[in-house]
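Fold the following and give me the result.
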Amino acid sequence: MTKVSVVIPVFNQSNLTKWCLQSLLEHSTCVSEVYIINNASQDQTDAILIEFKPLFEKRGVQLQIITSSQNLGFGRACNQGVRETLKGQAQYLVILNNDTWLMPNWDQALIESLQNYQLDCVGPYFYEKPLTENIKQIALQFTRKNSRHFRQHFVPILMCFTRSAAVRLASDNVGTNGGIFDERFFVTYEDTDLLHRMKIMKMKFGQTGSCFIWHHSKGTRDQLPSGYEQEGLRLFQEKWGFDPRLQDHTFSAR
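From the prediction side, this is the model:
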């Protein structure tokens, strides 16, 4: 039986987290466990996570809540979940933002793309216009039209890794502490750093038109300290010696 483990860092925006978890609960096919890392949220997030825990368990999905006393940032929070995932038996690892909505059978679509294209990591196409009640119809229309489309490089709103790729990344780089992200990055450029490392390691990754999600662009970033993007850019340039904004998978280039 195929097993998928999902890691979701959350920081406030409980309404978005609720949308995300509801779609994850209703639309997943292969998910067997979910690790939610609560980055010291101060809104209704705790209550929502407690509400969803028995709902997932009723469907045979283990939901673990890891609560931090401070906001650790995206990469460090994800790594907490990754370390737990790699102790288990899941064949696939998904990193998921909490400001998303997932289409029905999203996980099966990503796994099939990993297998069909022999990839290490794959992501979906995503929609960032205002969320509407017709989102399922929009997703269906998109995937019908684009299911055979695939492109290299993607902006990783959702990343689905094979277990072997996650293990390689977790043991690859100083600063990961047994996870896959360099924890020196707080909330920006940690994903760009990860993709650059994957290129260096000659991993195969891309974006498939057979999976569609909605994303609330920069859904939690308005709550973060000023200057965080500049600091992430500085760290990346110091580490790798070039400006990543010139590459085709960055937000600016896209």
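
Might you report the residue contacts of the residue nearest to Arg151 when sequence neighbours are not counted?
Of all residues not flanking Arg151 in the chain, Gln207 sits nearest, at 5.4 Å (C-beta to C-beta, 6 or more residues apart in numbering). (C-beta placed from N, C-alpha, C; glycine too.) Neighbour list for Gln207: Val122, Gly123, Pro124, Tyr125, Phe150, Arg151, Gln152, His153, Phe154 [criterion: C-beta atoms under 8 Å, 6 or more residues apart in numbering].

how about those in CSV, adding secondary structure?
Below are these laid out as CSV (DSSP: H, G, I helix; E, B strand; the rest coil):
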residue, secondary structure
Val122, strand
Gly123, strand
Pro124, strand
Tyr125, strand
Phe150, strand
Arg151, strand
Gln152, strand
His153, coil
Phe154, coil
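
Now the buried members of these.
Buried subset of the contacts of Gln207 (neighbour count, 16 or more other C-beta atoms under 10 Å): Val122, Gly123, Pro124, Tyr125, Phe150, His153, Phe154.

Pick out whichever of the residues you listed sits closest to Leu55.
Proximity of the buried ones among the contacts of Gln207 to Leu55 (C-beta to C-beta) peaks at Pro124, which lies at 23.7 Å.

Can you name the residues bridging to that closest one?
Judged by DSSP bridges, the bridge partners of Pro124 are Thr208.

which pair in the contacts of Gln207 spans the largest distance?
Taking C-beta to C-beta, no two of those sit farther apart than Pro124 and Gln152, at 14.7 Å.

nearest to Lys53, of the contacts of Gln207?
Closest approach between the contacts of Gln207 and Lys53, by C-beta to C-beta: Pro124, at 25.8 Å.

what's the spacing between that closest one and Thr192?
18 Å (C-beta to C-beta, to the nearest Å).

Give the other helices and strands that the helix or strand hosting Ala139 contacts.
Per DSSP states H and E, Ala139 falls inside helix 135-146. Using 3 or more C-beta pairs under 8 Å, 6 or more residues apart in numbering; DSSP states H and E, the elements in contact with helix 135-146 are strand 121-127, strand 205-215.

Now His216. Nearest residue, chain neighbours left out?
Once flanking residues are discounted, His216 sits nearest to Asp99: 3.9 Å by C-beta to C-beta, 6+ apart.

wait, that neighbour sits on Trp214?
No: counting by C-beta atoms under 8 Å, Asp99 does not reach Trp214; the two are 9.1 Å apart.

Report whether Ile66 is found in a strand, as I expect.
Yes: counting by three-state DSSP, Ile66 is located in a strand.

Spatially, what comes nearest to it if we skip its sequence neighbours?
Closest residue to Ile66 apart from its sequence neighbours, by C-beta to C-beta, 6+ apart: Ile37 at 4.8 Å.

ok, the one you found - how many residues close by?
25 (other C-beta atoms under 10 Å).

what's the average pLDDT for the one helix or strand it maps to?
Assigned by DSSP H and E, Ile37 belongs to strand 31-39. Strand 31-39 shows a mean pLDDT of 97.

for stretch 43-51, same thing?
For stretch 43-51, mean pLDDT is 96.

List the buried residues in that stretch.
Thr45, Ile48, Leu49.
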